[in-house]
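Colleague: Model the following, please.
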Amino acid sequence: MEANPSHTTTPHLDHALQTPLLNHPSRVNNISHRPSRGIFVILLSIVFLVSLVALIMIQGQNYMENLENSNIEITLFSNISKQELPRGAAQGVSAKSNPPLFHKVSYNWTNAMFSWQRTAFHFQPQNNWMNDPDGPLFHMGWYHLFYQYNPDSAIWGNISWGHAVSRDMIHWFYLPIAMGPDTWYDINGVWTGSATILPGGKIIILYTGDTNEYVQVQNLAYPANLSDPLLLDWVKYAGNPVLVPPPGIGPKDFRDPTTGWIGPDGKWRVAIGSKKGKKGISLVYTTTDFVNFESNDHYLHAVPGTGMWECVDFYPVSISGSRGLDTSENEPNVKHVLKASMDETRVDHYALGTYFIENDTWVPDNPLEDVGIGLVLDYGRYYASKTFYDPEKERRILWGWINETDTESDDLRKGWASLQTIPRTVLFDSKTGTNLLLWPVEEVESLRLSSDEFEGVVVKPGSVVPLNISLATQLDMFAEFEIETLESKSIGKNNIGCGSGGATNRSAFGPFGLLAIADDTLSEQTPIYFRLSNTTLGSSTTFFCVDETRSSKAADVAKPIYGSKVPVLSDEKLSMRVLVDHSIIESFAQGGRTVITSRVYPTEAIYGAARLFLFNNATGINIKATLKIWQLSSAFIRPFPFDQSQ
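Modeller: Residues are numbered from 1 along each chain as shown. Model prediction:
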């Protein structure tokens, strides 16, 4: 259906999107008598406190401005004592809880609010804590996903391998825990690992174990019965560990083995994340049996100043086709992706480059966008990603972990924490030649129900347009934007980053886009938007952003601004695809060149009160939007019916 802007436009967007100016303080009348010494002390104390608060605010503002160009959330722990470190950090993995900065008094959440936060078609366990995806694979008609799991609580600890299977990666069956911490070499955690499919269909898993002495070692496991489609039972190799930290590597700096790949010499290679000082590195080992390993004389790659590399991923992508590649493929029309999860920043960086099989080293195409300093898989709440090759549909699939930003006490009340993104296909962007394209797997389209279409909706500067759809909490949306430049004086800074002011930071050419999970009054809203440097696409700098600062009235949740540059070619329209699933918003710009995952906790914009709007906070352009919006049904995610036939 077609929207009529003359009936639906709400002017004066400033009132909805911008924080009102504080009233000027009243002028204090002069006092004729001389203040007492006590009053002087009080006044001096007030001046000191005001100065201290101002200093903190200035430092915080400067910190945010320094991050403005990347808009990646970075949490530093250097000034936090060991007792205050987030869960996992003291034990030698990335933070698995929010730092004390966010441990404020909990909002007065209701059970209805908590219930609404749970997603409808993203994978998460029935209850308790989940983090990194582990060892995804396809076997005998089933997609298998393992994941870091605490079977006892909704906070990190007692880490085991949870296990689930699916026919389509959308509808899932929970299975019994695959492996738990029950031996000396993994008693403190069965940590992240990968699956490798050997010739003949044999499956092996390498995973990191945290030993009884808190040393990170690599262990081997394999299915007890390869003919079992569900792979219910797993055997840990009796000779574990198969790898221990080499000389010069710290006992807590050796983890997360990759999927193996085989070379022309018949030897398998495995990469492992580590560091030396502040240099992030990826070690390489060769093996013929996954029991005996030899270390390479060279690192696969290293980048100074990037810190510990976790969850390293290494795989080929075709530069001349639309199919994914098996991890071992290496031919002239191939580039290799090296990805690492940065322990210090909790960001998943990647780079494209060339792999040299002769000495098992990798060189980036662009050293200025090397691993840890350049491209990012997802600029939002996203970490510890892992890919696998799907032989069923010849594609490479990416999984990633979305963690919470609320308090641990709230998670304990809910009884669960964290989930996985919708799985994404991975392709080389042949149009730019410089980045990957990430896109939701086609199976998510099976959830589509009714749809609404809006053609050529004009949104004037400083306006919002409500999009009248039945429900706004489970959506799959495509939006395209055209720009009409106005002959008018622009206001505001014409900076083009996402900005510390987010969607309230007006300029001539942005921001404009969607307001998701908003209430009628826009007191809660999550803007997903573009901001341009000029209106000449193909030569302008375009930013794609998500602003969570007004996503919730709760003060005890993180509400950052995420985003980055996105390439837009001269023959392209500005476009985005957005998946909304209650408290999760996954946003894809320009076919998946830039992706942002958002975690939001609204208090008002829930259930039937959630709304969707277009907005234009630019000062010098009209925008014309065309949208198609599908309602999505819920996925079936439940325990496997062992008492019934498969």
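
Colleague: Tell me which residues touch the residue most central in space within the chain, please.
Modeller: The centroid of the chain falls nearest to Tyr382 when counting by C-alpha atoms, centre = their mean (1.8 Å). Contacts for Tyr382 (C-beta atoms under 8 Å, 6 or more residues apart in numbering) come out as 348, 400-402, 421, 597. Every residue, glycine included, has its C-beta placed from N, CA and C.

Colleague: Please apply the same query to Thr526.
Modeller: Counting by C-beta under 8 Å, 6+ apart, Thr526 has contacts 515-518, 546-548, 550-551, 585, 598, 600.

Colleague: change it to 10 Å
Modeller: Residues near Thr526 by C-beta atoms under 10 Å, 6 or more residues apart in numbering: 503, 514-518, 546-552, 559, 578, 580, 585, 587, 598, 600, 602, 605.

Colleague: ditto for Val580
Modeller: Counting by C-beta under 10 Å, 6+ apart, Val580 has contacts 472-477, 514, 516-517, 526, 528, 586-587, 598, 600, 610, 612, 629, 632.

Colleague: so who does Phe290 touch?
Modeller: 196, 198, 204-206, 218, 220, 222, 237, 242, 260, 268, 270.

Colleague: same deal with Ser227?
Modeller: 140, 201.

Colleague: Remind me which helix or strand it belongs to.
Modeller: Using DSSP states H and E, Ser227 maps to neither a helix nor a strand.

Colleague: For it, report the pLDDT, please.
Modeller: Ser227 is assigned 97 on the pLDDT scale.

Colleague: Look up which residues are beta-bridged to the residue nearest to Phe512 when sequence neighbours are not counted.
Modeller: Distances taken as C-beta to C-beta, 6 or more residues apart in numbering place Asn616 nearest to Phe512, at 4.3 Å, with adjacent residues excluded. Asn616 forms beta bridges with Ser463, Phe512, as assigned by DSSP bridges.

Colleague: Check the spacing between Asn616 and Tyr601 real quick.
Modeller: 27 Å (C-beta to C-beta, to the nearest Å).

Colleague: just Tyr350 next, same as before
Modeller: Here Tyr350 is placed at a distance of 29 Å from Tyr601 (C-beta to C-beta).

Colleague: more neighbours, these two?
Modeller: Comparing Tyr350 with Tyr601 by neighbour count (other C-beta atoms under 10 Å), the higher total belongs to Tyr601, at 27 against 22.

Colleague: Listing partners with orientation, what would you give for whatever helix or strand Leu145 lives in?
Modeller: Element membership of Leu145, judged by DSSP H and E, is strand 142-150. Looking at strand 142-150 with DSSP bridges, its partner strands are strand 128-139 (antiparallel), strand 160-166 (antiparallel).

Colleague: then that strand to PDB, C-alphas only?
Modeller: Extracted C-alpha coordinates of strand 142-150, given in PDB (Å, rounded to 0.1, in the frame of the first residue of the first chain):
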ATOM      1  CA  TRP A 142      21.500 -32.200   9.800                       C
ATOM      2  CA  TYR A 143      23.200 -28.900  10.600                       C
ATOM      3  CA  HIS A 144      24.900 -29.100  13.900                       C
ATOM      4  CA  LEU A 145      25.700 -26.200  16.200                       C
ATOM      5  CA  PHE A 146      27.700 -26.500  19.300                       C
ATOM      6  CA  TYR A 147      28.100 -23.500  21.700                       C
ATOM      7  CA  GLN A 148      29.700 -22.500  24.900                       C
ATOM      8  CA  TYR A 149      27.100 -23.200  27.600                       C
ATOM      9  CA  ASN A 150      26.700 -23.000  31.400                       C
END
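
Colleague: which regions of the chain lie under the pLDDT threshold?
Modeller: 1-84, 99-104, 488-495, 645-646 (pLDDT under 70).

Colleague: where do the helices sit along it?
Modeller: For the chain, the helices defined by DSSP state H cover 5-8, 14-17, 37-66, 111-117, 408-414.
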